[in-house]
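[1] give me coordinates for this.
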Amino acid sequence: MMIKKNQIKKFKKNIINIIWVLFLKINQNLFSFIFLMILTRKVSQEYVGEFFIVLAAIGMAGIFTFPGASGTIIQSTARGFFGTFRKLIPFRLIGGLIGSIAISVYALTFSEELILRNTLFMAAFFFPFSNGLSIWEDYYSGLGNFKFISIFKTIYFVLSYSIMIIVLLNYETSMFFLISVMYSILAIINVIISSRILKNTSSTLKAEPKSISYSIKTSLYLIVNLIGNHIDKFLILYFLSPESVAIYIVAERIPELLKKYTQAIRTTLIPEFAHHKRLTKDINLKFNIFSIFFTIGTLIVIFLIIPWLLPIAFTNEYSESIFYSQLLCGTIIIGQFATTKITFLTSNFYHSDLKTLTIVSNFIRIISSLILIPLFGIMGAIVSTILYRLSTSLVTSVLIKKYDIKNK
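    Predicted coordinates for the structure are as follows:
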């Protein structure tokens, strides 16, 4: 009886966490989608493409901010090692400074595009704080306090996107201003909350054994993942045009939303799975139920939502984005039953398996992008995404078998 009560309690906690995460994501995605709709109507495709190249440069600079620290802090905090956050902040700040330099160097390559160059410089200025100090979210994720994260991140999205949308509707505005608003507000929130955590955690608290080395090791191969996530935009810009980047950005908007929703929901399960070393029947059942519902939902989006929503949301200039968007959504379905189980590997310090999975799948994605995008443009980017998802599914299925309790 006591076991059932504990199971019910855990189930309720998971549901509450998922609701808070969905609350955050719905607000984030609603405002970002409205912003993109207005942006595509108020400015040229070239402007839209260059704006998202700035965002891609910021994302790519994340390779310097020890990306493995995020998962480490979630896991360590969930296990009661609250000192890990304090130990990893210097790494993130130093990485943020290096990333800032990298963005500045990239800005110098646009000698003739003055607005784009200055916008990149502004992004570089805020980068150490807007990205380097973002790990407070991981600390509270480890605590299971998704309510706190949702409230403060929602404040950020409502405030920043409201300002940008109002300005876009009423004035001619530059990318410089939009990026300044987006990342200055984020930097302020990150500094305030990170300072709060440092103030409330003693400097004598110990980090989890091996957590620092694990963070550094995972960062080395998560760099490959970050490159894989952003290289397609840079290749499309280089071999095609900013306008093609804009078409691709609109096409991937809904697929990216779906992907982010699933990743956010999986994050809520990490604190629970951090205490399990084997895949039990109960865990497998949760994975399978999640994958079934997600697949059904994605099919509805592909055949009913996208053909209806995209023509309403965007102008005729982006009509070709509809087919590309449907294809990209289809790639997410590939291997759902296998890739959902990545959460289990992330929840434990299975460094070798995560390394193999990340390097193999992203190596395939990067190489295929380098080959296919110059030849086939946006379709090349989509095919490389399909190959990436297939390889991720295959490798995960192989790696996860040894942790399945039924194989023991």
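[2] just checking, next helix/strand downstream of the lowest-mean-pLDDT helix or strand in the chain?
    Every helix and strand of the chain was ranked by mean pLDDT, DSSP states H and E. The lowest is helix 270-273, at a mean of 56. Next helix or strand after helix 270-273 toward the C-terminus (DSSP states H and E): helix 281-300.
[3] quick check: next helix or strand after that following helix?
    Assigned by DSSP H and E, the successor of helix 281-300 is helix 306-313.
[4] am I right that residue 257 is in a helix?
    Yes - assigned with DSSP: H, G, I helix; E, B strand; the rest coil, residue 257 falls within a helix.
[5] how close does it sit to residue 312?
    Distance, residue 257 to residue 312, by C-beta to C-beta, to the nearest Å: 16 Å. Backbone N, C-alpha and C define where each C-beta goes, glycine included.
[6] cool, and residue 146?
    Residue 146 is 32 Å from residue 312, by C-beta to C-beta.
[7] what about the two, which has more around it?
    Taking other C-beta atoms under 10 Å, residue 146 and residue 312 do not tie; residue 146 has more neighbours (25 against 7).
[8] wait, doesn't that one sit right on residue 152?
    No - between residue 146 and residue 152 there is no contact under C-beta atoms under 8 Å: 11.2 Å.
[9] gap between residue 175 and residue 223?
    Distance from residue 175 to residue 223, by C-beta to C-beta: 27 Å.
[10] just residue 155 next, same as before
    Distance of residue 155 to residue 223, given as C-beta to C-beta: 31 Å.
[11] more neighbours: these two, which one.
    residue 223 (19 against 13).
[12] quick check: chain neighbours aside, which residue is closest to that one?
    Leaving aside its chain neighbours, residue 223 sits nearest to residue 63 (4.4 Å; criterion: C-beta to C-beta, 6 or more residues apart in numbering).
[13] do the same with residue 38
    residue 168 (5.2 Å).
[14] go through whichever strand or helix holds that neighbour and flag the buried ones.
    Using DSSP H and E, residue 168 falls within helix 146-170. The neighbour-count check on helix 146-170 (16 or more other C-beta atoms under 10 Å) flags 146-150, 152-154, 156-157, 160-161, 164-165, 168 as buried.
[15] just stretch 379-394 next, same as before
    By neighbour count on 16+ other C-beta under 10 Å, the buried set for stretch 379-394 is 380-389, 391-393.
[16] repeat that for stretch 55-73.
    Result for stretch 55-73 [16+ other C-beta under 10 Å]: buried residues 55-58, 60-73.
[17] what about those, which are in strands?
    With strands defined by DSSP state E, no entry of the buried residues of stretch 55-73 lies inside them.
[18] how long is stretch 78-89 from one end to the other?
    Start and end residues of stretch 78-89 are separated by 18 Å (C-alpha to C-alpha, to the nearest Å).
[19] domains in this structure, by residue range?
    16-205, 209-408 (automatic domain parsing).
[20] residue nearest the centroid of the chain?
    residue 260 (6.3 Å; C-alpha atoms, centre = their mean).
[21] my read: that residue touches residue 26, true?
    No - using C-beta under 8 Å, residue 260 makes no contact with residue 26, being 11.2 Å away.
[22] any idea how far residue 177 is from residue 191?
    21 Å.
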